[in-house]
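>>> Sequence unavailable; structure follows:
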RNA sequence: GGCGCUAUCGUCUAGGGGUUAGGACGGAAGAUUCUCAAUCUUCAAACCCGGGUUCGAUUCCCGGUAGCGCUACCA
């Protein structure tokens, strides 16, 4: 799971990707992972994967699998791996330390069951004075008596109390303590909250840079408070602009469907290199005119200074039309670029399982012959199924005989051309040059243009007008199949 | 509502007190080719609004507007 760099050569720079396994790996998370990875690799640091699974209610194994599946596909790897749920003792120890210093207090208010008041966009809940100001004696007595309580941070809210930090992307940040609510550290069941667990782990794992989504920018004030209350210097922060849908709303599976899941891109036939490249261009720029960049180039160019501050739109089509049109056109274009850059053998090897998966029997040798004919014609790996279908099937799907009629020609011309082709092709070697010469000569004899000669043959063997170059196609198809299909076409045309 | 963040072509972005505001994707047109694709050429397309500061603002400042985020014993 890790790349070749040896861990001993790494310095103190440590970054982490900390997804919570409550859903599939989504593209925004993937980008956060990539930026962390790039930053670590660029600066010789350590990349850590930490599953932030403190929300027992919402965690699922399926989600854990989806995250690993997605990350595995990206192929970037990481150096250390942790699971937050296994570090509960550490979290509670930090909560205890903060409590001992008088910087947290018990809140015996029963937990809110519904989230009815959340939707009301109303009141500014900051703290409950009765709980915050409760005497030690009463607090201890009630705790000893077994009354459940949540542990809340005692946010310093006197006038002039300002919490501040410097964000590598958003600059100087400050907020009055009076505007920060007394957030929970421990739930009444004793489980740590995200804020506590995250800070405790970041401190314990000596994370030096927290690179994460901008949705945490406001939370960072709380985190700074926790770090300081526990006696740690906060790490450096770098918040990333969010990835949003074309309408500006947050990406969500419920609203936007599978386009937000990493595995959707994998299954649609994206190359991880292209996907990574595409994601890097959302919210980050190399500050020059490069668009297509290899992993190597990205690693060398990446810097926090190149990250910008405005949300970036993933420009997918909301109502999914064709598979390829649902994705951001730039992602598709980049993928086509990377496909064209692949060696035939490499591409052919990647295409084979897709073709076989669709139920076709194809040998690696045959696939290697077909690949050069479609490499420039497919944008997604899965396009092989529509671009090269006629190579795989025994019998062509039905097509309209009118398709056989060439430009500026008629049915009679189509028939004439096909019969001529059948005769000529019967004793010509099925190689590019001989086919070229024979068919052009035939066209001349017939008094038709080369294009008028080729088009009916193309439709006869491919079943459609748009296809790879004819001679190469016939060469791969072979004499037997070609003549059989031309024979069928003659029957249709006649 | 409170607090925070943001604002350049349709989208991703570069730039920056005086520029023909640059590139990429996508779109349009053309060249080329046996169709398609690829490739090449060309074109259309942007500084949210209002005030300041300034000789001069798209750029700096303030306000507005809009969008986003946080405001849970979710993360």
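Yes, it's here. None of the values given here were measured: they were computed from a predicted structure.
>>> secondary structure class for the residue lying farthest from the centre of chain A?
Distance from the C-alpha centroid of chain A, by CA atoms, centre = their mean, peaks at residue A:445 (56.2 Å). Per DSSP: H, G, I helix; E, B strand; the rest coil, the secondary structure class of residue A:445 is helix.
>>> Apart from its chain neighbours, what residue comes closest to it?
In space, and not counting its chain neighbours, residue A:445 is closest to residue A:420: 7.4 Å by CB to CB, 6 or more residues apart in numbering. To be clear about C-beta, it is placed using only N, CA and C from the backbone, and glycine gets the same treatment.
>>> again with residue A:217
Nearest to residue A:217 is residue A:239, by CB to CB, 6+ apart, at 4.8 Å.
>>> Whether whatever helix or strand that neighbour lives in contacts RNA strand B - can you check?
According to DSSP states H and E, residue A:239 maps onto strand A:236-240. No - Strand A:236-240 stays out of contact with RNA strand B when judged by CB under 7 Å from any atom of the strand, the minimum separation being 8.0 Å.
>>> Excluding covalently adjacent residues, which one is nearest to residue A:452?
Nearest residue to residue A:452, sequence neighbours excluded (CB to CB, 6+ apart): residue A:406, at 3.9 Å.
>>> Read off the pLDDT value for that neighbour.
Note for residue A:406: predicted pLDDT of 92.
>>> Which strands or helices does whichever strand or helix holds residue A:335 pack on?
Element membership for residue A:335 (DSSP H and E) is helix A:329-341. Helices and strands touching helix A:329-341, by 3 or more CB pairs under 8 Å, 6 or more residues apart in numbering; DSSP states H and E, are helix A:272-280.
>>> Identify all contacting residues around the helix or strand that the helix it packs on is followed by.
Later in the chain than helix A:272-280, the nearest helix or strand by DSSP H and E is helix A:295-301. Contact with helix A:295-301 is made by A:38, A:41, A:42, A:273, A:276, A:277, A:280, A:286, A:290, A:293, as judged by CB atoms under 8 Å, 6 or more residues apart in numbering.
>>> Is there a neighbour count for the residue nearest to residue A:217? I'd like the number.
23 (other CB atoms under 10 Å).
>>> Can you tell me how far it is from residue A:311?
From residue A:239 across to residue A:311, the span is 12 Å (CB to CB, to the nearest Å).
>>> so what sits against both of the two?
Shared contacts of residue A:239 and residue A:311, defined by CB under 8 Å, 6+ apart, comprise residue A:214.
>>> Now the one helix or strand residue A:82 maps to: buried residues?
Using DSSP H and E, residue A:82 sits in strand A:80-83. Within strand A:80-83, the residues scored as buried using 16 or more other CB atoms under 10 Å are residue A:82.
>>> Please name the strands paired to it in the sheet, noting orientation.
strand A:46-51 (parallel) (DSSP bridges).
>>> Against residue A:487, how distant is the residue nearest to residue A:452?
Computed with CB to CB, the distance linking residue A:406 and residue A:487 is 19 Å.
>>> Next: residue A:337.
Residue A:337 sits 41 Å away from residue A:487, going by CB to CB.
>>> Same check on residue A:154?
Using CB to CB, residue A:154 is found at 88 Å from residue A:487.
>>> Between those two, which is the more surrounded one?
Comparing residue A:154 with residue A:487 by other CB under 10 Å, the one with more neighbours is residue A:154, at 17 against 14.
>>> That one contacts residue A:105, doesn't it?
Yes - counting by CB atoms under 8 Å, residue A:154 touches residue A:105, with 5.5 Å between them.
>>> Find residues that contact each of the two.
Common neighbours of residue A:154 and residue A:105 (criterion: CB under 8 Å, 6+ apart): A:132, A:182.
>>> Quick one: residues contacting residue A:494.
residue A:415.
>>> Let me know the pLDDT of it.
At residue A:494, the model reports a pLDDT of 74.
>>> and residue A:418, how many neighbours?
By other CB under 10 Å, 25 other residues sit near residue A:418.
>>> now swap in residue A:68 and tell me
Close neighbours of residue A:68, defined as other CB under 10 Å, add up to 15.
>>> Test my guess that the residue farthest from the centre of chain A contacts residue A:423.
No - the pair residue A:445 / residue A:423 is not scored as a contact, 10.6 Å apart, by CB under 8 Å.
>>> in chain A, which ranges drop under the pLDDT threshold?
The model of chain A has pLDDT under 70 over residues A:1-11, A:113-124, A:318-323.
>>> Run through the strands of it in chain order.
Along chain A, the segments classed as strands by DSSP state E run A:14-17, A:46-51, A:80-83, A:104-107, A:150-153, A:162-167, A:171-176, A:184-186, A:209-213, A:236-240, A:243-244, A:312-313.
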